[in-house]
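Trainee: here's a sequence, model it:
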Amino acid sequence: MNHITDVEAEIKEIDLAKGEDLLPEYFPELRNLSAAFIFDFVPKPANILPPEFVYVPLPNRRRGRNDLWIRTAVTITEWNSCWEAGHLRTEFIPQIFHKDFPHNLKWLCKIKNANLYLIPKGRKSAFDAYQPLYYLLPLHILKKFGLPLLRRGTWPNWSYNNTLDLHITSDFDDRVAEAFAFHIWPYLNYGSRIQFFSKDEPMVLLTHNLNFWLPCIYKLAEDRLRNFPRVSFDSKEQKLKQLKLQVKLPPDIRADLPLCGGSIWQGEKEASEATAELVKIADENGQLRAIIDTIKSNRVKDDFSNIWSYEKEDFERKLYHKRAKVRVSFIQLNDTKPVHAPTSELHENLLWEDFFALLDRKERKIVVCLKNGFTRYSEISKKLGYANHSPVSKALKSIREKAIKYLCPS
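Mentor: Numbering: from 1, shown residues only. Predicted coordinates for the structure are as follows:
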């Protein structure tokens, strides 16, 4: 259980949305701060590589000796803000970033052809990585799963928010995964709600897997921001500087002004549209639709929860229908002891396979129907294609007589 002081409680409230900020036209919101606050120009590659992620441990903070911690946090902010450069960030480290590049990040110079995002690792939650997914969640879902109503987020992160730790409990990531799965499920499965399936059902596991959705949500943010206008030149000197830079660069790299910042999405409607785009990106880049189709076509009984649903009923109907069509052939070997397979069904003193051997083809079909829950003459007749229930009635009488002789031999 977390115990916080009165001062911490006041600080904790600063992170929460209140009043008009909670109205559906404003909440949730994810914004971007323009890289122009840091860079004059950004190098843009012709080919854009998909996002990848590296968790970077933050150095220990010591009283009076936080220089490395600060430089690492600042470099991570600068690195992620220069997202337009993509894989060029690892190739242009001296040119793009400050000269005092922290030694604990020098390994980045060795990385080639990777569009890396640096995720600070220091808190007991992975929120710094999946916060764009968090800001897709509407107010009622956050409340349903007991999650904090955080004010609008910034992508990429511009700072390591220490006060966020006050909102994080030991089960925080699990509740976020539950909330996100609940949110995105209707975009993937229109027939039934997520509660109708077991926790181990593959599609349920997929919706909970935030790592699967991370590259897609970052690509979505990138795609939306590329539609933003670019900042204006401050002076003729800046424009001349751009031309000089461009001459030095290869033809497939362009030196450009940073994009303007603004809302990536704002309000429930835009967040819903962004979620639909997220699914589309996951389909195009992660074969999502093919995965879902494969899951749906290979479901088993354990994939469903105990709650009744049309989808569960349809599955069971098809399952029993397939079973009813299975033809079982029996070969009788005289003077041999019975051999029962591991699948033989034993009910009290009755082995169904033994009893089936006593029945003719029509009677076996009727027993299969009885075992699958069809107990009325009309139901069995319809299932077996009879015009009326007379054949079923006569066959049942014969089955009863055989069962009595088998179970109660004189």
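Trainee: what comes up buried for stretch 253-265?
Mentor: 253, 254, 255, 256, 257, 258, 259, 260, 261, 264, 265 (16 or more other C-beta atoms under 10 Å). C-betas here are computed from N, CA, C, even on glycine.
Trainee: could you pull up phi and psi at residue 235?
Mentor: phi -160, psi 170 (degrees, to the nearest 10).
Trainee: which residues touch it?
Mentor: Residue 235 sits next to no residue when contact means C-beta atoms under 8 Å, 6 or more residues apart in numbering.
Trainee: pLDDT wise, what is it at?
Mentor: pLDDT, the model's per-residue confidence, is 93 for residue 235.
Trainee: which helix or strand contains the spatially most central residue of the chain?
Mentor: Geometric centre of the chain, nearest residue: residue 207, 3.0 Å, by C-alpha atoms, centre = their mean. Per DSSP states H and E: residue 207 is located in helix 202-208.
Trainee: can you give the domain ranges for this structure?
Mentor: Domains of the chain are assigned by automatic domain parsing as 6-303, 327-407.
Trainee: give me the below-cutoff pLDDT ranges for the stretch 301-410 of the chain.
Mentor: 301-361, 364, 366-377, 387, 403-410 (pLDDT under 70).
Trainee: follow-up on the earlier one: now the element after the helix holding residue 207, going C-ward?
Mentor: Downstream of helix 202-208, the first helix or strand assigned by DSSP H and E is helix 210-225.
Trainee: for that following helix, buried residues please.
Mentor: Neighbour-count burial for helix 210-225, counted by 16+ other C-beta under 10 Å, picks out 210, 213-222, 224-225.
Trainee: what packs against it?
Mentor: Packing partners of helix 210-225 (3 or more C-beta pairs under 8 Å, 6 or more residues apart in numbering; DSSP states H and E): strand 29-32, strand 51-57, helix 127-134, helix 172-188, strand 262-266, helix 267-286.
Trainee: how about those, which one is nearest residue 5?
Mentor: helix 172-188 (20.2 Å; C-beta to C-beta).
Trainee: hmm, who's touching the closest one?
Mentor: 124-127, 130, 133-134, 136-138, 141-142, 144-147, 193-194, 203-204, 207-210, 213, 275-276, 278-279, 288, 292.
Trainee: which parts of this structure are strands?
Mentor: 29-32, 42-45, 51-57, 115-121, 153-154, 253-256, 262-266, 346-347, 350-351 (DSSP state E).
Trainee: rank the ones you listed by pLDDT, which is bottom?
Mentor: strand 346-347 (a mean of 41).
Trainee: please identify the deepest-packed of the domains of the chain.
Mentor: domain 6-303 (a mean of 16; mean count of other C-beta atoms under 10 Å).
Trainee: for it, what is the distance to the chain centroid?
Mentor: Domain 6-303 sits 15 Å away from the centroid of its parent chain (C-alpha atoms, centre = their mean, to the nearest Å).
Trainee: look at stretch 378-395 and report the distance between its end residues.
Mentor: 14 Å (C-alpha to C-alpha, to the nearest Å).
Trainee: ok, stretch 227-242 next?
Mentor: 21 Å.
Trainee: could we number from 440 for the rest of this?
Mentor: With the count now opening at 440, the last piece we talked about shows up as stretch 666-681.
Trainee: mind putting the buried residues of stretch 692-704 into CSV with distance to residue 509?
Mentor: Rendered in CSV, the data for those read as follows (distance: C-beta to C-beta, whole Å):
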residue, distance to residue 509
692, 31
693, 32
694, 29
695, 29
696, 28
697, 23
698, 27
699, 28
700, 24
703, 28
704, 32
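Trainee: nearest to residue 500 among those residues?
Mentor: Among these, and counting by C-beta to C-beta, the member closest to residue 500 is residue 700, at 29.3 Å.
Trainee: quick one: that closest one and residue 477 touch, right?
Mentor: No. Counting by C-beta atoms under 8 Å, residue 700 stays clear of residue 477, with 11.5 Å between them.
Trainee: local confidence estimate at the residue lying closest to residue 464 once chain neighbours are set aside?
Mentor: Using C-beta to C-beta, 6 or more residues apart in numbering and skipping the chain neighbours, the partner closest in space to residue 464 is residue 706 (4.5 Å). If you check residue 706, the pLDDT there is 97.
Trainee: now residue 609
Mentor: pLDDT, read off for residue 609, is 88.
Trainee: got a list of what it touches?
Mentor: Here residue 609 is in contact with residue 563 (C-beta under 8 Å, 6+ apart).
Trainee: against residue 480, how distant is it?
Mentor: 45 Å (C-beta to C-beta, to the nearest Å).
Trainee: circling back: packing partners for the helix holding residue 646?
Mentor: Where contact means 3+ C-beta pairs under 8 Å, 6+ apart, helix 641-647 is packed against helix 611-627, helix 727-736.
Trainee: columns distance to residue 684 on top of these, output as TSV?
Mentor: As requested, these are exported to TSV (distance: least, C-beta to C-beta, whole Å):
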stretch	distance to residue 684
helix 611-627	42
helix 727-736	40
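Trainee: all set, thanks.
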